[in-house]
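*Asks:* My questions are about this predicted structure, shown below with the sequence.
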Amino acid sequence: MTKNTALPAWMPMATIGVLFFIFGFITWLNGALIPFLQIICDLNEVQALLVAFCFYIAFVVMALPMSRVLEKTGYQNGMVIGLVLVAMGLLMFVPAAYTRWFGIFLLAQFVVGSGLTILQTAANPYVVRLGSQEYAAVRIAVMGFLNKSAGMLSPMVFTALVLANFQDVSAASVATLQPQAREAKVAAMADQVIAPYVAMAVIMLVLAAALFRVALPDIHEPKEDRSFGQRHIFRHPQLVLGAVAIFFYVGVEVIAGDTIGLYGSSLGLQNVTSLTSYTMAAMLMGYVMGLLLVPGWLSQSQALLASAVLGILLSVLILLSDENSYRVSSALWGWSGIPVIPDPIALIAMLGLANAMCWPAIWPLALADLGALTARGSAMLIMGIAGGAVLPLVYGSMAEIMSRKTAYLLLIPGYVFIAFYALYGHKKRSWKRADN
């Protein structure tokens with residue numbers, strides 16, 4: 001079987017765009033899945049956030065092994081392998097739903113995360129290298145726009161397909177039911193997961209077959225000098241600090257996207273599985289602004305600094321906000337007919353605006369001047385996604401000790417480090433001095 005070689009010039013970016021849409025759709029299903037599993041598996045706050053932990057920890061455990069797979073298979077075949085792994089993880093939701101054993105759900109999340117690890121490790125440097133360095137953040141922002149568009153849709157699709165007949169159900173309402181009625185309600189909810197996840201698995205396999213047949217242009221990196229060994233990676237401060245910035249960025253992004261439903265549920269709001277869509281909508285606005293402003297008006301580092309400052313400001317406002325007030329959402333979108341939400345929830349959603357340009361700005365800044373080490377550098381940045389596993393659990397522990405709102409204090413040091421990287425960290429080319 002031979003691959004097609006006559007492709008339009010736009011086909012490589014369009015193909016990668018489809019993959020980024022998939023990343024977003026599956027990743028931000030977690031925002032709906034976490035409060036859903038809290039109900040059907042009877043979980044507390046920290047247990048529910050293990051769903052995000054198992055998903056994102058796969059990026060740490062599998063990043064370096066997957067980078068070695070990419071070295072042997074190339075970017076394109078690696079993406080095919082990633083899609084197949086995602087499909088396998090999605091199919092594991094079938095026995096998980098039948099048994100309602102939380103451990104199988106967690107294992108399925110890890111397998112899906114492993115598939116996305118190789119997809120991300122391949123796709124992000126591919127986008128960075130498929131054009132000029134100056135416009136790398138713009139290309140990643142376009143991919144991010146597709147990613148977050150899918151992220152906005154996925155909680156709404158999940159709510160429509162899985163919870164259409166359970167709109168008035170919440171963890172509190174299920175807890176008040178008699179044991180027999182509760183068991184019947186939870187079993188009926190769990191069954192609704194099966195068909196959508198099987199359908200998604202089939203789509204992943206079809207896309208894998210299609211990607212295998214398309215001949216994307218090869219992205220050639222200079223051959224790596226193995227004599228340097230793995231330690232040579234750590235001699236690049238812009239990369240190491242960039243990985244730490246990714247850690248904090250993904251952590252605050254996942255907290256904003258995946259805890260908003262749990263917080264909304266604690267306030268008695270309806271359709272909490274769709275609250276992540278508010279955060280994703282704000283991120284889409286941020287991506288549009290980034291496309292308009294970078295690099296014509298703002299450099300990549302300036303866009304990153306502006307994002308960090310806005311994140312700090314919104315985090316402080318969350319801590320000071322009133323849970324009984326709806327003034328923020330009423331002023332921003334109440335006139336449009338979109339349902340209004342309490343001020344803390346609205347401000348958490350607006351964090352999406354602050355987070356939008358962090359990922360597309362950090363990647364090109366961190367991979368600059370790596371040459372032959374780009375694939376391993378990409379793997380190190382992917383390992384930074386561990387922030388999405390660690391920081392939400394820290395948030396959950398803080399929420400149980402303090403309060404859910406006070407626990408958002410955790411966001412501030414994350415944004416402070418991102419600001420440091422934007423101002424200073426990305427410029428370093430030596431641990432002894434900074435290159436200006």
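*Replies:* Looks like it came in fine.

*Asks:* Count the neighbours of the closest residue to residue 197 other than its chain neighbours for me.
*Replies:* In space, residue 197 comes closest to residue 93 once its chain neighbours are excluded; the distance is 4.1 Å by Cβ to Cβ, 6 or more residues apart in numbering. (Each C-beta comes from the backbone N, C-alpha and C, glycine too.) Residue 93: 23 surrounding residues under other Cβ atoms under 10 Å.

*Asks:* ok, now residue 392?
*Replies:* For residue 392, using other Cβ under 10 Å, the count is 31.

*Asks:* That one is in contact with residue 54, isn't it?
*Replies:* No. Using Cβ atoms under 8 Å, residue 392 is not in contact with residue 54; the gap is 11.4 Å.

*Asks:* coming back round to it: state the distance from the residue nearest to residue 197 to residue 213.
*Replies:* As for residue 93, its distance to residue 213 is 28 Å (criterion: Cβ to Cβ, to the nearest Å).

*Asks:* swap in residue 368?
*Replies:* Here residue 368 is placed at a distance of 34 Å from residue 213 (Cβ to Cβ).

*Asks:* These two: which is more packed in?
*Replies:* Shown here are residue 368 and residue 213; by other Cβ under 10 Å, residue 368 has more neighbours (20 against 11).

*Asks:* pull the CA atoms of the host helix or strand of residue 314 into CSV?
*Replies:* For residue 314, the host element (DSSP states H and E) is helix 300-320. Below are the C-alpha coordinates for helix 300-320, written out as CSV (Å, rounded to 0.1, in the frame of the first residue of the first chain):
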residue,chain,number,x,y,z
GLN,A,300,5.4,36.0,21.8
SER,A,301,7.0,36.9,25.1
GLN,A,302,4.9,40.0,25.5
ALA,A,303,1.7,38.1,24.8
LEU,A,304,2.8,35.5,27.5
LEU,A,305,3.5,38.3,30.0
ALA,A,306,0.1,39.9,29.4
SER,A,307,-1.5,36.5,29.9
ALA,A,308,0.2,36.0,33.2
VAL,A,309,-0.7,39.4,34.6
LEU,A,310,-4.3,38.9,33.6
GLY,A,311,-4.3,35.5,35.3
ILE,A,312,-3.0,37.0,38.6
LEU,A,313,-5.6,39.8,38.5
LEU,A,314,-8.5,37.3,37.9
SER,A,315,-7.2,35.0,40.6
VAL,A,316,-7.3,37.8,43.1
LEU,A,317,-10.8,38.8,42.0
ILE,A,318,-12.0,35.2,42.5
LEU,A,319,-10.8,35.2,46.1
LEU,A,320,-12.6,38.5,46.7
